[in-house]
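Undergrad: based on what follows, work out the 3D shape:
(one chain, ligands or ions: 3)
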Amino acid sequence: FGFLAKEVKRSPLFSTLSADDISYFKRILGEKNVIMDEDRLVTANTDWMGKYKGSSKLLLQPSSTKEVSQILKYCNSRRLAVVPQGGNTGLVGGSVPVFDEVIVNVGLMNNIIAFDKVSGILVCEAGCILENLVSFLDNQGFIMPLDLGAKGSCQIGGNVSTNAGGLRLVRYGSLHGSVLGLEAVLANGEVLDMLGTLRKDNTGYDLKHLFIGSEGSLGIVTKVSILTPPKLSSVNVAFLACRDYSSCQKLLQEAKRRLGEILSAFEFLDEESLNLVLNHLEGVRNPLPPSMHKFYVLIETTGSDESNDKEKLEAFLLHSMEIGLISDGVLAQDINQASSFWHIREGVPEALMKAGAVYKYDLSLPVQKMYDLVEELRIALGHSAKVIGYGHLGDGNLHLNVSAPQYDDMILAKIEPYVYEWTSKHHGSISAEHGLGLMKANKIFYSKSAETVQVMASIKKLLDPNGILNPYKVLPHCVSSDG
Ligand code: FAD
Ligand code: 2HG
Ligand code: ZN
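TA: Ligands and ions are numbered 1, 2, ... in the order given. So this is what the prediction gives:
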């Protein structure tokens, strides 16, 4: 994609790999964890969307914190740039090299270290796949405080590094609340042990927060300690239709007030999003009779009392129907039906991929204004592309996607900077949950002041003076030290 190559140049400060480097890595990691195989490198160089492609010649798979430390110490002294990679499900071009950076993936570090059934605190290595943690906890009667469509491949280290939000943030909050501690390796190989398991600990600056959401630019996360909620016995899922966006908004207000503590997800899709899923994913059908509904809302409740929870939800649905907020709806009768509703919502990113080229925007906006942007962009783009809006309405997070037959600079010119300026004008964020990566490193000023970005650059300089960790990402080129 020309637009990336035009904007970013390889920093001359970085070395290129030599035969001696490879020998060193083979010595510390063993032959099989130093990967130079073409096919595996193609996969590791390409992001989930197939939109960002690097040209790294080397993928390293450490098995311990000590090995991560040895790798980084060596790369730092040799000025070899590094991309930390987890499940490579990131959506902003942050997890793949831009040029020939060495890829470091901690996927072999996938042990559960400890689980305390009394407190619900889980300590594990960063390479654990989210879904594996979900299964482990299920056996213990607990759940992960985060859930997302990419759970089958994303790693907890990647989740922490992106501060992933997901489908149940409305109930359990962000990872800044549930991650209690972590271990990270700095660019010079130093290991920062902040793997606390305490709910409360006000001893000085809480440095773990720097690594939550810094997208691999300050260190490699190697271990995580996380507070997990108990698995509650009664889960209900409803798939509802609303006439207009204003009804979705009012329904959210009502849901927060009337469902209160049992509300565990409030997601929305517009008609275009649903059609995309129905047209592109096999075996998915609309749970509601075909009609002219403009919006769909998925509500999940999770509580401890089956009959009370159901009664509460049914009363809420009835009331919402009576006052005209819901025009149709269905309550899942069993777990299979519930997961088929979730499949529709979680299937939107995959359906978008199947539909062609996609431009993704992940915005935090005041809920009242959020959908105006979708409608205005639709007018600006006319018939040249499809604009779809969906996302985590309960968190004020819009996933604005533009789907076109192929990537086209004329379409891009109509979307950007329009979407960023609109978001900035309404005091929103240009990255609600996916991060900045490569895609938005230079757009940070739409959401952060110059002074704030300067402090971020100073922190980066302090922790990674040679700028070897995930260069060209997160911070804008004008303040970063990667040249
Ligand atoms: P990667 O994609 O490999 O990496 C992401 C970033 O983290 C990169 O900058 C990388 O350098 C860094 N990184 C990875 N591992 C480490 C580590 N151990 N130490 C330091 N840095 C590291 N995101 C949401 O927030 N909410 C959603 O609901 C959501 N749904 C998604 C659904 C689908 C179908 C897909 C494809 C993606 C979705 N995402 C979502 C985006 C993505 O899954 C998340 O950002 C996820 O947290 C990334 O984890 P990963 O292991 O794949 O990391
Ligand atoms: C989701 O919520 C993900 O499904 C992906 O964050 C969002 O495709 C997107 O824009
Ligand atoms: Zn999302």
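Undergrad: show me which residues of the stretch 351-483 of the chain sit near ligand 2.
TA: Residues of the stretch 351-483 of the chain found near ligand 2, taking C-beta under 6 Å from any ligand atom as the criterion, are 352, 360, 362, 391, 399, 401. Quick note: C-beta positions are derived from backbone N, CA and C, even for glycine.
Undergrad: the fifth one in helix, strand or coil?
TA: Following DSSP: H, G, I helix; E, B strand; the rest coil, the label given to H399 is strand.
Undergrad: and if you look at the third one?
TA: D362 falls in the strand class when you classify it by three-state DSSP.
Undergrad: identify the residue spatially nearest to it, adjacent ones excluded.
TA: Using C-beta to C-beta, 6 or more residues apart in numbering and skipping the chain neighbours, the partner closest in space to D362 is H434 (4.4 Å).
Undergrad: my read is that that neighbour contacts S161, right?
TA: No: counting by C-beta atoms under 8 Å, H434 stays clear of S161, with 11.8 Å between them.
Undergrad: the two - which one has more neighbours?
TA: Using other C-beta atoms under 10 Å as the criterion, H434 and S161 rank with S161 on top: 32 against 22.
Undergrad: for the more buried one, what are its contacts?
TA: For S161, the contacting residues are 84, 86, 211-216, 221, by C-beta atoms under 8 Å, 6 or more residues apart in numbering.
Undergrad: could you pick out which of these are near ligand 1?
TA: Applying C-beta under 6 Å from any ligand atom to those, those adjacent to ligand 1 are 84, 86, 215-216, 221.
Undergrad: now, which of those residues lie close to ligand 2?
TA: Among the ones next to ligand 1 among the contacts of S161, no residue lies close to ligand 2 (C-beta under 6 Å from any ligand atom).
Undergrad: what about those residues, which are in strands?
TA: Under the assignment DSSP state E, these contribute 84, 221 to strands.
Undergrad: for the ones next to ligand 1 among the contacts of S161, which one is nearest L463?
TA: Within the ones next to ligand 1 among the contacts of S161, proximity to L463 (C-beta to C-beta) peaks at G216, which comes in at 11.9 Å.
Undergrad: go ahead and confirm that closest one touches V83.
TA: Yes: G216 is in contact with V83 according to C-beta under 8 Å; the separation is 7.0 Å.
Undergrad: confidence score at the residue nearest to D362?
TA: Looking at H434, its pLDDT reads 98.
Undergrad: need the contact list for it.
TA: 90-92, 162, 360, 362.
Undergrad: what about 7 Å?
TA: Contacts for H434 (C-beta atoms under 7 Å, 6 or more residues apart in numbering) come out as 91-92, 162, 362.
Undergrad: out of these, which touch ligand 1?
TA: 91, 162.
Undergrad: which positions in the stretch 51-200 of the chain make contact with ligand 2?
TA: So the stretch 51-200 of the chain meets ligand 2 at G149 (C-beta under 6 Å from any ligand atom).
Undergrad: so what's L298 closest to, chain neighbours aside?
TA: The shortest distance from L298 to any non-neighbouring residue, by C-beta to C-beta, 6+ apart, is to E267 (4.5 Å).
Undergrad: tell me the spacing between the closest residue to ligand 2 within the stretch 101-250 of the chain and I344.
TA: Of all residues in the stretch 101-250 of the chain, G149 sits closest to ligand 2, at 5.0 Å by C-beta to the nearest ligand atom. Distance of G149 to I344, computed by C-beta to C-beta, to the nearest Å: 11 Å.
Undergrad: more neighbours: which of the two?
TA: For G149 versus I344, the count of surrounding residues by other C-beta under 10 Å is larger for I344: 23 against 17.
Undergrad: hang on, that one in a helix?
TA: Yes: checked against three-state DSSP, I344 lies within a helix.
Undergrad: wait, it sits on V277?
TA: Yes: because the distance of 5.4 Å satisfies C-beta atoms under 7 Å, I344 is recorded as touching V277.
Undergrad: interface residues of the protein facing ligand 1?
TA: Residues of the chain lying near ligand 1 (C-beta under 6 Å from any ligand atom): 48, 83-91, 94-95, 106, 126, 148-150, 154-155, 157-159, 161-162, 164-167, 215-216, 220-221, 349, 433-434, 437, 470.
Undergrad: sort out for me which of the residues you listed are in strands.
TA: 83-85, 220-221.
Undergrad: where does the stretch 201-350 of the chain have low pLDDT?
TA: Across the stretch 201-350 of the chain, nothing is flagged by pLDDT under 70.
Undergrad: the strands in the stretch 301-450 of the chain, which residues?
TA: 328-331, 357-364, 386-392, 397-404 (DSSP state E, counting those that start in this stretch).
Undergrad: so can I have TSV of the ones you listed showing distance to L130 and mean neighbour count?
TA: Below are the strands of the stretch 301-450 of the chain laid out as TSV (distance: least, C-beta to C-beta, whole Å; neighbours: other C-beta atoms under 10 Å):
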stretch	distance to L130	mean neighbour count
strand 328-331	28	17
strand 357-364	19	22
strand 386-392	17	24
strand 397-404	19	23
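Undergrad: with distance to A255 added, can I get the ones you listed in JSON lines?
TA: Compiled in JSON lines, the strands of the stretch 301-450 of the chain are given as follows (distance: least, C-beta to C-beta, whole Å):
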{"stretch": "strand 328-331", "distance to A255": "13"}
{"stretch": "strand 357-364", "distance to A255": "19"}
{"stretch": "strand 386-392", "distance to A255": "13"}
{"stretch": "strand 397-404", "distance to A255": "16"}
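Undergrad: quick one: closest of those strands to L60.
TA: Closest among those, using C-beta to C-beta: strand 357-364, at 29.0 Å.
Undergrad: by contact count, what packs against that closest one?
TA: strand 397-404 (3 or more C-beta pairs under 7 Å, 6 or more residues apart in numbering; DSSP states H and E).
Undergrad: tell me the angle the strand it packs on makes with strand 386-392.
TA: With axes from the mean of the first three to the mean of the last three C-alpha atoms, to 10 degrees as the basis, strand 397-404 and strand 386-392 are set at 160 degrees to each other.
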